[in-house]
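# structure for the following, please:
(one chain, ligands or ions: 1)
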Amino acid sequence: MITIQYVLAIFVLWVITVFLQFIFKRPGKKHAGYYPPPTPPTLPLIGHLHLLTPVAYKGFHALNNKYGPLLYLRLATYPAVLVSSAPLATEIFKALDVNFTSRIKSPFEDSLLFGSSTSFFNAPYGDYWKFMKKICTKELLGTSQMKKLKNVRREEVVRFLSKMLEIGQKNEAANVSAEVLTLANNSTCRMIMSARCSGEDNQAEKCRGLVSESFDLAANLALFNVFGPLKRIGTWYLRKKIADVPKRYDELFENVLVEHEEKAKREGPHMENKDLMDILLEVYHDKNAEIRITRKQMKTFFLDLFTGGTNTTSDAILWILAELVNHPAAFKKLREEIDSAVGTERLVDEEDIPNLPYFQACVKEAMRLNPPVPLFDRICGENCKLGGYDIPKGITMIMNAYSIMRDPNIWENPNDFIPERFLTEQDNAKGQNLQVYVPFGGGRRMCPGTNMTSSLINCSVTAMVQCFDWNVLGGDGPDGSKVNMDSKSGVVKTMAKPFMAIPALHRNLFSA
Ligand code: HEM
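Numbering: from 1, shown residues only. Reported below is the predicted structural model:
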């Protein structure tokens, strides 16, 4: 008993000491004429934490509306710069990109599977990142590889449509959110490693569960990180998960890698229907590769692809469909465009997309209003000036894509769904040569998954519009027929409530 009290007393003393050190720490000397960005009023210890809201990007958006587009914030012990306007985003992605090429360090220690030395997402700007980015854009996620995987996507979309038909015929409500997530998960798993949520082993479902656990673990560790000294307590508190999740992930992926290696041996160098894992394994075994990647790096890279690609794509599809359902005139116009360009006998093919400008405009507009990743981060690599203010080396920069794409100086009626704005050439931003459309980020660290996402969005959303009317249940509006557009709390833009609807068959273009 005495020992416990003693340990507790030592612990409390330690916490107090660290906080006192923090309060009385003198800020580093800045040179004369140092001109930092404006900052909202702070509170002792917590800094600006009290200004954050559960839906993080909305809280930041409100701060920017009140105090300006470039702000210095202190989130407890964590200093950051918040960027929220299109001209500032343009300055960063064009003139200053070289200064903002790395992200914040992974909250996982290097010794863990997801540590910052093995992750591609968090990799510092250097040889490994450059090598993998080249492989991503040229081979793994490039247009030609995505074209080869077209049938995989089509099969998964048809599976989704058939399920909707079955539910609709019973006049039951489909949980569209859950079904779209399964569609995105199955398609991603099949494209990456030829696995789907079926069969005895159900690797895709295991993978989805592990990815989501890893994501939660990373988010919890990141939260403890903000409180500086509390990071160690967080690591201790989460120690079981920290040991367990990476181990299970490692085992699952080792099995899948071994299966792929055995298949490569059996089928030889002319193997057909390669998935992304087959391609990366060739790089891994290539003795002459520019960089020899490790097995650990390869596994973490797949985790990056799953975390980066599954929920984001399913959120994007859901927000696009929701905007269309909530704007029946746009839905009707889109269906008419498809009928006239493609006919009424077959599903839209991915090759038809260039002939569907209104569809492309609807997708862009829905993603502008509902970016699935509204916030992303970079680290400032060198002291520099942004918007005329001094930005110190090492500070975290948070970009709010949600605010940037609702900048009222760029977009007329920024909060309204108006796909037509993307059909006109009088886009004021184009005249100013501004980078204003950033759902996938920008500059060197821009998302490499745009081809993969767009190809699934294209074949799924067009099919949903061609084949069904979506009768929303329990939604907003006097008769509950509008999809509720609220977002869950957190840092990503996910629907707060599941999108429930009875799918009423309009035209069956998918079953014989
Ligand atoms: C709607 C779908 C998606 C959205 C909205 C999205 C959004 C983003 C954003 C905002 C970033 C940060 C960019 C920056 O810092 O400038 C990012 C990075 C990344 N995304 Fe995506 N993404 C999507 C789909 C995907 C897919 C399908 C994959 C791969 C399968 C993927 C893999 C990645 C990776 C690996 C990075 C890190 C890139 C780097 O640091 O160089 N994403 N994504």
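
# can we go C-alpha only for contacts and neighbour counts from here?
Noted.

# tell me the contacts of the residue of the stretch 51-200 of the chain found nearest the ligand?
Residue of the stretch 51-200 of the chain nearest the ligand, by C-alpha to the nearest ligand atom: Phe121 (4.3 Å). Residues in contact with Phe121, defined by C-alpha atoms under 8 Å, 6 or more residues apart in numbering, are Phe301, Asp304.

# so it: helix, strand or coil?
Classification of Phe121 using DSSP: H, G, I helix; E, B strand; the rest coil returns coil.

# what does the stretch 101-250 of the chain put close to the ligand?
Phe121 (C-alpha under 6 Å from any ligand atom).

# residue boundaries of the strands in the stretch 101-250 of the chain?
Applying DSSP state E, counting those that start in this stretch to the stretch 101-250 of the chain gives strands spanning 174-175.

# could you list the low-pLDDT ranges of it?
106-117, 195-202, 225-230 (pLDDT under 70).

# what about the residue of the stretch 51-200 of the chain closest to the ligand, distance to Val258?
Computed as C-alpha to C-alpha, to the nearest Å, the Phe121 to Val258 distance reads 24 Å.

# what does Leu280 give?
Distance from Leu280 to Val258, by C-alpha to C-alpha: 13 Å.

# what about these two, which has more around it?
Leu280 (21 against 11; other C-alpha atoms under 10 Å).

# can you list the helices and strands that the one helix or strand Glu254 maps to packs against?
Counting by DSSP states H and E, the element that carries Glu254 is helix 239-267. Here helix 239-267 touches helix 203-226, helix 276-285, going by 3 or more C-alpha pairs under 8 Å, 6 or more residues apart in numbering; DSSP states H and E.

# just so I know, which of those lies nearest Asp407?
helix 203-226 (28.4 Å; C-alpha to C-alpha).

# distance of the residue nearest to His61 when sequence neighbours are not counted relative to the ligand?
Once flanking residues are discounted, His61 sits nearest to Ser403: 5.7 Å by C-alpha to C-alpha, 6 or more residues apart in numbering. Separation of Ser403 from the ligand (C-alpha to the nearest ligand atom, to the nearest Å): 13 Å.

# and Ser403, how many neighbours?
Neighbours of Ser403 (other C-alpha under 10 Å): 26.

# now do the one 10 residues further on
Other residues near Asn413 number 12, with proximity taken as other C-alpha under 10 Å.

# in the stretch 51-200 of the chain, which spans are helices?
Taking DSSP state H, counting those that start in this stretch, the helices of the stretch 51-200 of the chain run over residues 56-67, 86-93, 127-135, 143-148, 150-169, 176-193.

# mind checking which of those is nearest Tyr78?
helix 56-67 (15.6 Å).

# now do the contacts for Ile293.
Counting by C-alpha under 8 Å, 6+ apart, Ile293 has contacts Val283, Tyr284.

# contacting residues around the nearest residue to Leu434 once chain neighbours are set aside?
Nearest-residue entry for Leu434: Thr90, 5.7 Å, with adjacent residues in sequence omitted and distances by C-alpha to C-alpha, 6+ apart. Counting by C-alpha under 8 Å, 6+ apart, Thr90 touches Leu434, Gln435, Val436.

# dump these into JSON lines; add pLDDT, distance to Ala222 and secondary structure as well.
Below are those laid out as JSON lines (pLDDT from 0 to 100; distance: C-alpha to C-alpha, whole Å; DSSP: H, G, I helix; E, B strand; the rest coil):
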{"residue": "Leu434", "pLDDT": "74", "distance to Ala222": "32", "secondary structure": "coil"}
{"residue": "Gln435", "pLDDT": "81", "distance to Ala222": "29", "secondary structure": "coil"}
{"residue": "Val436", "pLDDT": "88", "distance to Ala222": "29", "secondary structure": "coil"}
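
# and stretch 381-394, what's buried?
Gly381, Leu386, Ile391, Pro392, Gly394 (16 or more other C-alpha atoms under 10 Å).

# what's the closest of those residues to the ligand?
For those, the nearest to the ligand is Gly381 (14.2 Å; C-alpha to the nearest ligand atom).

# OK, contacts around Ile398?
With C-alpha under 8 Å, 6+ apart, Ile398 has these contacts: Ala80, Val81, Leu82, Val83, Leu375, Phe376, Asp377, Arg378.

# any quick ChimeraX command for the buried ones out of those?
In ChimeraX syntax, the buried subset of the contacts of Ile398 is picked out as below (16+ other C-alpha under 10 Å):
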select :80,81,82,83,375,377,378
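
# quick check: residues of the stretch 251-400 of the chain near the ligand?
So far as C-alpha under 6 Å from any ligand atom goes, the stretch 251-400 of the chain lies against the ligand at Asp304, Leu305, Gly308, Gly309, Thr312, Thr313, Ala316, Pro371, Pro372, Val373, Phe376.

# how about a cut-off of 5 Å?
Leu305, Gly308, Gly309, Thr312, Thr313, Pro372 (C-alpha under 5 Å from any ligand atom).

# what count of nearby residues applies to the third one?
Looking back up the chat, that one is Gly309. Count around Gly309 with other C-alpha under 10 Å applied: 20.

# start the count at 306, not 1, going forward
With 306 as the first residue, the last one maps to Gly614.

# if I look at it, how far off is Lys453?
Gly614 is 18 Å from Lys453, by C-alpha to C-alpha.
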